[in-house]
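A.B. asks: sequence plus the predicted model coming up.
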Amino acid sequence: MRDFERYNTLLVQSVGSKTGPIAPTIIPSAAFGYSNAEEAEAIFCGEAPLPLYARVGNPTNAKLESVVAVMEGGAGAIATSSGMGALAMVLTAFLKQGDEVLCIGGFFGGTYTLVSETMQRFGVRGRFCTVDDFEGIEVALRSGVQMVLCESVGNPSLELADLEKIGELCTKYETLFVVDNTITPLIVRPFEHGADIVIYSSTKILCGHSAALGGIAVFRAVGEEKEKLRQSRYKALHPILEKMKEKAMIGICKKRAMRDIGMTANAFGSFLTMLGLETLALRVERVNKSVGIFVAELASALPDGYTLRHPSLPDHEHHKRYKSLYPDGCGSIVTLDCDSKEAAFALLNRLQLVTQTANIGDNRTLALHMRSTIYRDFDEETRSSLGVTEGLIRISIGLEDPLGLVEDFLQAMAK
Ligand SMILES: *Cc1c(COP(=O)(O)O)cnc(C)c1O
């Protein structure tokens, strides 16, 4: 079991302050005054740790960044305007024209098009392979790709990546390993498996309340020796490594992406994200427990014509991996294949407790028909490689009574 109790203590204590205002302070200023010309120079050359200008840092964002860095066990973090902002920041900061990124597994739609369309337009090539294609992964690593990108749990494919094994390969070939851990905060610890950067869309379960769009990238410390970033394929980054040492990845992101593109979080959004973070461990524990109950109960009463898919079910291809590597669950998502679009629409429209929306990780249970919404612009081949079938509904379990949810789905199926 992951230590949810320890995280409860850590998160409430680090978000709150013991003196002065207890809740995090919102500092909405876009600019910050410098006390004299010398201080201005010191701030700009990185010697004085004071705010420079809100596009590259704000005290409310800094508080959120320090909480998430401690939670994740990283050396530092950068809060961004959205989860896509965090991904775009990391890709544009670390890669350049002619570089390649290996994408392992099925991806969130925005991440898929960021790599396959947008980055491609600027000369960064994306390669794609399935989570279990270890031979293909090794071939790509040997050929010198600059970055490996992987989601802890495929959304909505529900494939589970063997992060341990992929991390070992990235260490062996000294290649940057980036994990999008949006769906599994606290229950998957990517830095323990050799990840270099962990990315979150904080819009999802980090917040839980759907009141703030945001993202965050967390970085491990950069070392002196045996540091993969010192490899010649990362030569363009070396001047920043020399200057910023342990926190060099933050410098790389700020100086090569955030300063020039501006995917910065705003203070009010960061404040709302911290309100969510305080109760993250409670909610993660509860949701993962509820998913187990929901899946087991619904599977045992499922009428013909529906297929429930979740790694906790013995017929899932990664059931064994689920049992060994995901002891606390794999997040809020469950999928239900209703066989046809008509049956999926009918079911969705009869549900009483469920909100239909394009989000996950909310305190409320959410559901959406995949093919007619998020994946409507994808070609058939891509859709099927991402596991999106005609009748597929993605469900994100919330904090409601799980047995009440089962009852709701069964009544919607019975009509
Ligand atoms: C939602 C999501 C994103 C994008 O985050 P936004 O905050 O919506 O920009 C990226 N990755 C995963 C896994 C997501 O679920």
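C.D. replies: Cool, the structure landed. Residues are numbered from 1 along each chain as shown.

A.B. asks: quick one: buried residues of stretch 62-78?
C.D. replies: 62-65, 67-69, 71-72, 74-78 (16 or more other C-beta atoms under 10 Å). Backbone N, C-alpha and C define where each C-beta goes, glycine included.

A.B. asks: kindly export it (C-alpha atoms) in CSV.
C.D. replies: The C-alpha trace of stretch 62-78 is given here as CSV (Å, rounded to 0.1, in the frame of the first residue of the first chain):
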residue,chain,number,x,y,z
ALA,A,62,6.2,29.2,-6.7
LYS,A,63,4.3,27.9,-3.6
LEU,A,64,2.4,25.4,-5.8
GLU,A,65,5.6,24.3,-7.5
SER,A,66,7.3,23.7,-4.1
VAL,A,67,4.4,21.6,-2.8
VAL,A,68,4.3,19.4,-5.9
ALA,A,69,8.1,19.1,-6.1
VAL,A,70,8.1,17.7,-2.5
MET,A,71,5.1,15.5,-3.2
GLU,A,72,6.7,14.0,-6.2
GLY,A,73,10.2,13.8,-4.8
GLY,A,74,11.7,16.1,-7.5
ALA,A,75,14.2,18.9,-7.3
GLY,A,76,11.8,21.5,-8.6
ALA,A,77,8.7,22.1,-10.7
ILE,A,78,7.1,24.6,-13.1
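
A.B. asks: begin at 564 from now on, thanks
C.D. replies: Done: numbering now begins at 564, and the last item shifts to stretch 625-641.

A.B. asks: ok, Ile667 - contacts?
C.D. replies: By C-beta atoms under 8 Å, 6 or more residues apart in numbering, the residues touching Ile667 are Cys692, Thr693, Val694, Asp696, Ile700, Val711, Leu712, Cys713, Ala724, Ile729.

A.B. asks: number of residues surrounding the fourth one?
C.D. replies: Residues lying near Asp696 (other C-beta atoms under 10 Å) number 14.

A.B. asks: which residue packs closest to it, ignoring adjacent ones?
C.D. replies: Ile667 (8.0 Å; C-beta to C-beta, 6 or more residues apart in numbering).

A.B. asks: surely Leu973 is within a helix?
C.D. replies: Yes. Assessed with DSSP: H, G, I helix; E, B strand; the rest coil, Leu973 lies in a helix.

A.B. asks: so it touches Ala862, yeah?
C.D. replies: No. Here Leu973 lies out of contact with Ala862, judged by C-beta atoms under 8 Å, at a distance of 11.7 Å.

A.B. asks: those two: who's more crowded?
C.D. replies: More crowded of Leu973 and Ala862, by other C-beta under 10 Å: Ala862, with 18 against 14.

A.B. asks: I'd say that one and Arg872 touch.
C.D. replies: No. The criterion here is C-beta under 8 Å, and Ala862 misses it with Arg872 at 10.0 Å.

A.B. asks: quick check: phi and psi on the closest residue to Thr623 other than its chain neighbours?
C.D. replies: Distance criterion C-beta to C-beta, 6+ apart; nearest residue to Thr623, sequence neighbours excluded, is Ala830 at 3.8 Å. Backbone torsions for Ala830, taken as degrees, to the nearest 10, come to phi -60, psi -40.

A.B. asks: now do the contacts for Ala830.
C.D. replies: Ile589, Ile590, Pro591, Ala617, Asn621, Pro622, Thr623, Asn624.

A.B. asks: taking those, tell me the two that lie furthest apart.
C.D. replies: Across the contacts of Ala830, the longest distance by C-beta to C-beta is 12.2 Å; it joins Ile589 and Ala617.

A.B. asks: ok, those two, which is more surrounded?
C.D. replies: Between Ile589 and Ala617, counted using other C-beta under 10 Å, Ala617 has the larger neighbour count: 21 against 18.

A.B. asks: list the contacts of that one.
C.D. replies: Ala617 neighbours (C-beta under 8 Å, 6+ apart): Ser592, Ala593, Ala594, Phe595, Thr827, Asn829, Ala830.

A.B. asks: just give me the neighbour total for the nearest residue to Gly786 once chain neighbours are set aside.
C.D. replies: Counting by C-beta to C-beta, 6+ apart, Glu809 is the residue found nearest to Gly786 once chain neighbours are left out, at 7.9 Å. Using other C-beta under 10 Å, Glu809 has 14 neighbouring residues.

A.B. asks: doesn't Glu809 belong to a helix?
C.D. replies: Yes. Glu809: assigned to a helix according to three-state DSSP.

A.B. asks: and the next element down the chain from the helix of greatest length in the chain?
C.D. replies: Counting by DSSP state H, the longest helix found in the chain is helix 843-864. Following helix 843-864 in sequence order, the next helix or strand is strand 870-872 (DSSP states H and E).

A.B. asks: contacts for whatever helix or strand comes next after that following strand, please.
C.D. replies: Following strand 870-872 in sequence order, the next helix or strand is helix 882-888 (DSSP H and E). Contacts to helix 882-888, defined as C-beta under 8 Å, 6+ apart, come from residues Leu723, Asp725, Leu726, Glu727, Pro874, Ser875, Leu876, His879, Cys893.

A.B. asks: how near is the residue nearest to Asp696 to the ligand?
C.D. replies: In this view, Ile667 and the ligand are 14 Å apart by C-beta to the nearest ligand atom, to the nearest Å.

A.B. asks: beta-bridge partners for that residue, please?
C.D. replies: Beta-bridge pairing of Ile667 under DSSP bridges involves Cys692, Cys713.

A.B. asks: whichever residue of the stretch 714-863 of the chain sits closest to the ligand - how many residues pack around it?
C.D. replies: Residue of the stretch 714-863 of the chain nearest the ligand, by C-beta to the nearest ligand atom: Ser764 (3.0 Å). Ser764 sits with 29 neighbouring residues when counted by other C-beta under 10 Å.

A.B. asks: likewise for Asp964?
C.D. replies: Residues contacting Asp964 under the criterion other C-beta under 10 Å number 12.

A.B. asks: and if you look at Ala774?
C.D. replies: For Ala774, the tally of surrounding residues (other C-beta under 10 Å) stands at 13.

A.B. asks: ok, now Ser706?
C.D. replies: 11.

A.B. asks: pull the contacting residues for it.
C.D. replies: With contact set as C-beta under 8 Å, 6+ apart, Ser706 has these partners: Glu663.
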